[in-house]
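# no sequence on hand, only this structure:
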């Protein structure tokens, strides 16, 4: 089944469509304020068509044009999420050398981003488990609590 162009997409659909791993999409959400998926109960993400286009532009700038994350953030801030593929005119700011420098070790950066994402997920799971344990301890210590 093919979705309409205006339909919201899940992270797995965006990942498959743009050939960008899901953990990278989650990482980019933290780095680029222009990516704002709708989050439902349980943290499930739904990307608007505009989000998908912003992600496509970010992917192209990072992977095809060799920008750094810092450079892409600066470019998006200056030109907006859609970007501007036209050559710069003298009245437009020209990206700094730092903004156009190709990433030194992209696979290493992606691996580190994946590790960070896994650690953050582990922390979320541990925080939830600790909260449940604290709740159970509070019930055990309070004899007037329901169920005691």
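Yep, it's here. Source: prediction; values computed, not measured.
# moving C-terminal of the helix or strand hosting residue 54, what's the next helix or strand?
For residue 54, the host element (DSSP states H and E) is helix 49-59. Using DSSP H and E, the helix or strand that follows helix 49-59 towards the C-terminus is helix 69-79.
# what about that next one, distance to the chain center?
From the chain centre to the centre of helix 69-79 is a distance of 15 Å (CA atoms, centre = their mean, to the nearest Å).
# list the buried ones in that helix?
For helix 69-79, the neighbour count (16 or more other CB atoms under 10 Å) marks 69, 71-76, 79 as buried. The way it works is simple: take the backbone N, C-alpha and C, and place the C-beta from them, glycine included.
# specify the angle between it and helix 49-59 in degrees.
If you take axes from the mean of the first three to the mean of the last three CA atoms, to 10 degrees, helix 69-79 sits at 130 degrees to helix 49-59.
# check which helices and strands helix 69-79 is in contact with.
On a contact count with 3 or more CB pairs under 8 Å, 6 or more residues apart in numbering; DSSP states H and E, helix 69-79 meets helix 49-59, helix 97-100.
# and the helices in this structure?
Assigned by DSSP state H, the chain shows helices spanning 11-18, 22-31, 49-59, 69-79, 97-100, 106-141.
# quick one: average pLDDT of the fourth one?
So the one you mean is helix 69-79. Taken as a whole, helix 69-79 carries a mean pLDDT of 89.
# right, I'll leave it there.
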